[in-house]
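Colleague: I would like the atomic coordinates for the input below:
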Amino acid sequence: MGFSHEERKMYINENLAPAKKSLLKRVNDEGKTAGYKFLWTQHGAMCTSVTKPCIDSAELSARTRETKHKVPGGSNLPVTARRTLLRSINKTLVKRVHEVSDQIHLRGELEHIKRVLKCNNYPSHKICTELPPTWNPRVGQPKARVVLPYLGAASHKIQRILREADIEVRHSSSNKLQSALTTHKDKRNSKDLPGVYRIPCECGKVYIGETGRSFNTRIKEHKAHGRRDEREKSAIIDHAHTHDHRILWDESRLVTRVPYWYQRRAREALEIEEHNTVPQDSGLQLSNIWLTVLDKEANLPN
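Modeller: Presented below is the predicted three-dimensional model:
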């Protein structure tokens, strides 16, 4: 076969001949009609089953030998750490089986986990296939939950009484005048927030834009485009250079704070529609419904 005489591992992948591949397709089509849910090949033969297929001893032995390298044993770890690792692997596998298996195949899957762990030299008395109660979402859940304002010692007494009736109590802080008037957080400067902004020109027109970064950063970029004469990158710079107008940088401001991109684009389009803007991209295409609403608001008396 062209191999040298030195010893090396060889892996043989089972593959069907063209005739059997065609037969496999026909069996698969007929099996679906007859209600067979499972179809697989084994040792060159085709097998079908209505229920989940069982694994023979030869295939199980091969699977567990492969799994032996996949299930870590932590042989180089300290004894305590190795025991913790083995226990956590066992619990994780059992938890996963309980989550994804139905009641028909649950017992078979748990037995398979037990066989695989034994083949990986797990102690038999340490293998557990029962689901801990804390992992079962249907166990340990209270009948109801209530949220009550915290009133000191009285709240704890009420909590103990309701706990006997299997009602979970959660406490919330009461509203105080101090919490309404003061805050522990420093207010951010509006120029450091993202949103929709406007830059006015001395001719009375404005430029409307949006940014996901801070307003100050975007203004600095517009100014940099003006210094480098990059008119194609800023509509307000192009307007000022074309008509020899002065941009009123000091009167630039953030119209509204909008942290999300799509909402910013929609608000930008609304502001462009409402203001007398310099020639610029109109932004997001608005529905005619919005245009009708804006026209009605413009005609309302002050």
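Colleague: quick one: low-confidence ranges for the stretch 1-150 of the chain?
Modeller: Along the stretch 1-150 of the chain, segments meeting pLDDT under 70 span 1-17, 34-38, 40, 42-77, 79, 131-140.
Colleague: Where do the strands of it begin and end?
Modeller: 38-42, 45-49, 144-149 (DSSP state E, counting those that start in this stretch).
Colleague: residues of the helix or strand following the longest one that come out buried?
Modeller: Spelled out, that is strand 144-149. The first helix or strand that comes after strand 144-149 along the chain, using DSSP states H and E, is helix 153-164. By 16 or more other Cβ atoms under 10 Å, the buried positions in helix 153-164 come out as Gln159, Leu162. Where C-beta positions appear, they are placed from N, C-alpha and C, glycine not excepted.
Colleague: which residues does Leu148 contact?
Modeller: Ser155, Ile158, Val169, Arg170, His171, Ser172 (Cβ atoms under 8 Å, 6 or more residues apart in numbering).
Colleague: which one of these sits closest to Lys220?
Modeller: Ser172 (44.0 Å; Cβ to Cβ).
Colleague: Pull the contacting residues for Gly195.
Modeller: Gly195 neighbours (Cβ under 8 Å, 6+ apart): Glu210, Thr211, Phe215, Leu254, Val255, Thr256, Arg257, Val258, Pro259, Arg264, Arg267.
Colleague: Pull out the buried members of the residues you listed.
Modeller: By 16+ other Cβ under 10 Å, the contacts of Gly195 give Glu210, Thr211, Phe215, Leu254, Val255, Val258, Arg264, Arg267 as buried.
Colleague: wait, isn't the first one in contact with Pro259?
Modeller: No. Counting by Cβ atoms under 8 Å, Pro259 is not a contact partner of Glu210; they are 11.2 Å apart.
Colleague: average model confidence for whichever helix or strand Glu210 is part of?
Modeller: Assigned by DSSP H and E, Glu210 belongs to strand 206-211. In this model, strand 206-211 has a mean pLDDT of 92.
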